[in-house]
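Chemist: Sharing a sequence plus its predicted fold:
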Amino acid sequence: MNLKWAATLKTVQEGLDSGEIIKLMGRPENVDPAYTRSIARTKRFLERWTADPKFRELAAIDPQEACEQYQLKADPEEIRLLWDQGELKRKKDNEPTPLAVRRYESFIREKLEWRDIIRKDSHPSNPPFKNWRIRQIYRSFSELGMIKAHGIVHAPVVFELSKGCSVGCWFCGVAAPKLGDIWQYTERNAKFWRECLEVVKSIIGPAAARGFCYWASDPFDNPEYEKFLIDFHDILNNFPQTTTAIPQRNFDRTREFLALSESKQGLLERFSILSLGQLQKVFNAFTAEELLYVELVTQNKGALTGKAVAGRARLPKFKKLIDKTMKYVDPTLTSTIACVSGFLFNMVDQKVKLISPCNANDKWPLGYYIYDEQPFETPEELERIMNQMIEDHMVERVGPGMKFDIRKNLTFSKMDNGFELSTLTTKHMYLDKPIWQSMGKMFNNGRRIHDDATIGELAVELESKYEIPLAESLFYINQMFREGIFSAEPPWRPSPNSESLVAIETPSTNAL
C-alpha cells in the first residue's frame, strides 16, 4: 500500500462520526457482512499487488483484466488510490476520497493504533523492569529511526517451544538453526509450563499477557502448539499473536487454529508468504473474508516488502539478494526484526535470556543485545534468576561513581543555548537550562563527550567551572539516562549457539 495516505484523518473521522466507517478491531458483532466483505476484498487485491510483479504489470495496463485473471473481486478503479502511486500524486487535497479507500485505510489505522497500544500497555509492574524497558524504547527510536521503531512493540517476554525451525528462510533475521528438538505437551511439561507462566506473571504482572510463543522458530513446528496457547490464555488472560510460515502444510489445522483464535478473542494472526505458489495455495484454501484478521507478510521473490539486514541475511553469499530487496542510506543501520525488550525463553533447553533490539552488526548479528543468559531447572529457580537479572541489569538511576557513558552513535553539536546529540535519524535537544548551557560549553571547549570520566568527576567540573550544584547535575544527568542517552550495549560475549553466524551458514533444505 502507498506510504502516503489517500484519505486524511479528518475524512476518516467524519466517516466514523456519520457511521459510514466502522471500527473492526476486536471483531465487533452485528457488522453488515457487505462492509467486511468489501474491506477483505480490497485487502486481498493489495496482497496480490504487493507480492506479484506480473500482476502489478498487468494491473497497470488493464486492472479489470488483472482482477479477472487472478480471480479477485475488488473493484480496482474504486481503490486505485491504494495501489496506483501516480493516481495518488495527482490527487488534489480537496478532492473527495472514495468510501472504499477511506474504509480500508481506517482499518489499517486501527491496526497501527492497536500496535501502539500494545507497546504502551506492555510495561511490567516491576518498577526497575518498567523503567529499563522505557529506556530501551527511547533508545530504539533514536538508534533505529522513527519508522522502524514504531513497528517494535518491545514485548516483555517471549517463549520458544521448539529448538530451531523447519523452514530455513535465507533472510531469517534471527538466524534460526535447523529444527532440532520439539517441546512436547506431556503431563510433566504442561505442569512445568503453567508453573513458569505463573512465575512470569508474578514478576512482570498483567503485561506478561503481551508476550508470544515463537522466536527463532516456527510455532507450527510444534504439533501441540495450540495447547500451550490455551494454557497461556488461561493464566495470562490473552491469546497471543502467532506468525507462521507454514500455514499450507496442514490447512485443516490452520483453519482450526484461526477458529480457536477467534473464540479466544485473538486480534490478529500472521502468515509469512515465501513464494507465489504458497500465496495461491492460501488464497485457494481461504476466502478473503476468512483472512480479514490475518496479515499476509509477503517475503517472496518479487514482493515489495523490504527485509532487515540481520541474522542470516548478513551472510556475504546473500548480499545480492538483499541489494535487490532492501535499500538503506547507511550500511551500519542494518535494522532488526527483534521486538522484545525482556525475557527470551527456550523451553527445550530450559534457558532464559535478557534481550533488547539493536541494529544488527558484527558483534550482534541477530539484531538484539543479550544482557544475560542462564539455565533453570525449576520454577523456583526461574523466579530467582529473573529477579537477579532485574537487579543486575536494570538500575533505575546513575550515581557519581558510574561512567558518563553516552552512546557512541550520538554526535555532539554546540547550540547557542545548550547542545544537541544526534544520530542519522534523530536529534536530542538539551536547551535553555543553565545545566545544558554549561555542558554545551564544556564539551565545546575540549572535553570529549565520549571518554572515561565518571558522573561524579563531570559534576565536580560543572560545579567548579560553571557553579552548577552537584545535586542539580546529578538530577539532570539522570534525566538523560532515563531518555536512553546512555549506552545500553552489554559486554560482548561470543556464544556457541545461534548468536554466531558460523553456526547457521547452511539453511535448511525444507525452505519453500
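Modeler: Good, I have the coordinates. As the structure is a prediction and not an experimental result, all values here were calculated from the model.

Chemist: Let me know the helix or strand that Q136 is in.
Modeler: helix 127-144 (DSSP states H and E).

Chemist: which parts of that helix are buried?
Modeler: 129-144 (16 or more other CB atoms under 10 Å). In short, each C-beta sits where N, CA and C put it, glycine included.

Chemist: give me phi/psi at V340?
Modeler: V340 adopts backbone torsions of phi -130, psi 130, taken as degrees, to the nearest 10.

Chemist: Give the burial count for it, as a bare number.
Modeler: Residues contacting V340 under the criterion other CB atoms under 10 Å number 25.

Chemist: now G484
Modeler: 20.

Chemist: Same question for P98.
Modeler: With other CB under 10 Å as criterion, P98 counts 17.

Chemist: go on, the one 5 residues further on?
Modeler: Counted with other CB under 10 Å, the neighbours of R103 add up to 22.

Chemist: Now do the helix holding Q136, average pLDDT.
Modeler: For helix 127-144, the mean pLDDT works out to 95.

Chemist: going on from that helix, what's the next piece of helix or strand?
Modeler: In N-to-C order, the element after helix 127-144 by DSSP H and E is helix 146-150.

Chemist: Tell me the helices and strands packed up against that next one.
Modeler: Under the contact criterion of 3 or more CB pairs under 8 Å, 6 or more residues apart in numbering; DSSP states H and E, helix 146-150 touches helix 127-144.

Chemist: residues making contact with the helix holding Q136?
Modeler: Outside helix 127-144, the residues that touch it by CB atoms under 8 Å, 6 or more residues apart in numbering are 119, 122-124, 149, 152, 154, 156, 203-204, 333, 335-336, 341-342, 356-359, 390-391, 393-396, 407, 409-410, 423, 425-426, 428, 481-484, 486, 488.

Chemist: 7 Å instead?
Modeler: Defining contact as CB atoms under 7 Å, 6 or more residues apart in numbering, one finds that helix 127-144 is touched by 123-124, 149, 152, 154, 156, 204, 335, 341-342, 356-359, 390, 394, 396, 409, 423, 426, 428, 482-484, 488.

Chemist: Between the buried residues of helix 127-144, which sits nearest W5?
Modeler: Closest to W5 out of those is F141 (21.4 Å), distances taken as CB to CB.

Chemist: what angle sits between the strand or helix carrying D372 and helix 127-144?
Modeler: Under the criterion of DSSP H and E, D372 resides in strand 368-375. Interaxial angle of strand 368-375 relative to helix 127-144 (axes from the mean of the first three to the mean of the last three CA atoms, to 10 degrees): 150 degrees.

Chemist: Report all helices and strands that whatever helix or strand comes next after strand 368-375 contacts.
Modeler: Using DSSP H and E, the next helix or strand after strand 368-375 towards the C-terminus is helix 379-393. Judged by 3 or more CB pairs under 7 Å, 6 or more residues apart in numbering; DSSP states H and E, the packing partners of helix 379-393 are helix 187-204, strand 351-357, strand 368-375.

Chemist: Quick one: those as a markdown table, columns for mean pLDDT and mean neighbour count too.
Modeler: Output for the helices and strands packed on helix 379-393, formatted as a markdown table (pLDDT from 0 to 100; neighbours: other CB atoms under 10 Å):
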| stretch | mean pLDDT | mean neighbour count |
| --- | --- | --- |
| helix 187-204 | 98 | 18 |
| strand 351-357 | 97 | 24 |
| strand 368-375 | 96 | 18 |
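
Chemist: Report the buried residues of stretch 88-103.
Modeler: Neighbour-count burial for stretch 88-103 [16+ other CB under 10 Å]: 88, 91, 97-98, 100-103.

Chemist: in the protein, which spans are strands?
Modeler: With DSSP state E, the ranges of strands along the chain come out as 155-160, 243-244, 269-273, 294-298, 340-346, 351-357, 368-375, 411-415, 418-422, 427-431.

Chemist: Return the alpha-carbon coordinates of the strand holding D372 using CSV.
Modeler: Provided in CSV are the C-alpha atoms of strand 368-375 (Å, rounded to 0.1, in the frame of the first residue of the first chain):
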residue,chain,number,x,y,z
TYR,A,368,19.4,-7.8,19.6
TYR,A,369,21.6,-7.3,22.7
ILE,A,370,22.0,-10.2,25.1
TYR,A,371,22.5,-9.0,28.7
ASP,A,372,22.4,-12.3,30.5
GLU,A,373,21.7,-16.0,29.8
GLN,A,374,21.0,-18.7,32.5
PRO,A,375,19.7,-22.2,32.6
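
Chemist: ok, the closest residue to I337 other than its chain neighbours to G26 distance?
Modeler: Closest residue to I337 apart from its sequence neighbours, by CB to CB, 6 or more residues apart in numbering: G173 at 3.5 Å. Taking CB to CB, to the nearest Å as the measure, G173 falls 30 Å from G26.

Chemist: In terms of neighbours, single out the busier of the two.
Modeler: Shown here are G173 and G26; by other CB under 10 Å, G173 has more neighbours (25 against 10).

Chemist: mind listing what the more buried one touches?
Modeler: Counting by CB under 7 Å, 6+ apart, G173 touches 308, 310-311, 313, 336-337, 367.

Chemist: Without its sequence neighbours, what residue ends up closest to the most centrally placed residue in the chain?
Modeler: Nearest to the geometric centre of the chain sits I152, at 3.1 Å (CA atoms, centre = their mean). Nearest residue to I152, sequence neighbours excluded (CB to CB, 6+ apart): C339, at 4.9 Å.

Chemist: and the one you found, backbone torsions?
Modeler: phi -140, psi 30.

Chemist: Just to check, A216 is in contact with L179?
Modeler: No: taking contacts as CB atoms under 7 Å, A216 lies outside contact range of L179: 10.5 Å.

Chemist: tell me the mean pLDDT for the longest helix seen in the chain?
Modeler: Taking DSSP state H as the criterion, the chain has its longest helix at helix 99-121. Helix 99-121 carries an average pLDDT of 93.

Chemist: how distant is that helix from the center of its chain?
Modeler: 16 Å (CA atoms, centre = their mean, to the nearest Å).

Chemist: That helix packs against which elements?
Modeler: Looks like helix 99-121 contacts helix 9-18, helix 33-51 (3+ CB pairs under 7 Å, 6+ apart).

Chemist: Which strands or helices does the first one pack on?
Modeler: Using 3+ CB pairs under 7 Å, 6+ apart as the contact criterion, the neighbours of helix 9-18 among helices and strands are helix 99-121.

Chemist: Which positions within the helix it packs on qualify as buried?
Modeler: 100-107, 109, 115, 118-119.

Chemist: Any chance of TSV for the residues you listed, columns distance to S438?
Modeler: TSV is the format used below for these (distance: CB to CB, whole Å):
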residue	distance to S438
A100	58
V101	53
R102	52
R103	55
Y104	53
E105	48
S106	50
F107	51
R109	44
R115	40
I118	41
R119	35
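
Chemist: which one of those is nearest V167?
Modeler: For the buried residues of helix 99-121, the nearest to V167 is R115 (24.5 Å; CB to CB).

Chemist: which residues does K353 bridge with?
Modeler: L344, E373 (DSSP bridges).

Chemist: my read: it touches Q374, true?
Modeler: No: applying CB under 7 Å, one finds K353 not in contact with Q374, separated by 8.1 Å.

Chemist: on that earlier part again, closest one to C196 out of the buried residues of helix 127-144, please.
Modeler: Once CB to CB is applied, the member of these that ends up nearest C196 is F129, at 17.0 Å.

Chemist: where does this structure have its least confident helix or strand?
Modeler: The helix or strand of the chain with the poorest confidence is helix 319-325; it has a mean of 64 (mean pLDDT, DSSP states H and E).

Chemist: Which two among the contacts of G173 are spaced furthest apart?
Modeler: A313 and T336 (11.1 Å).

Chemist: Which pLDDT value belongs to W492?
Modeler: 66.
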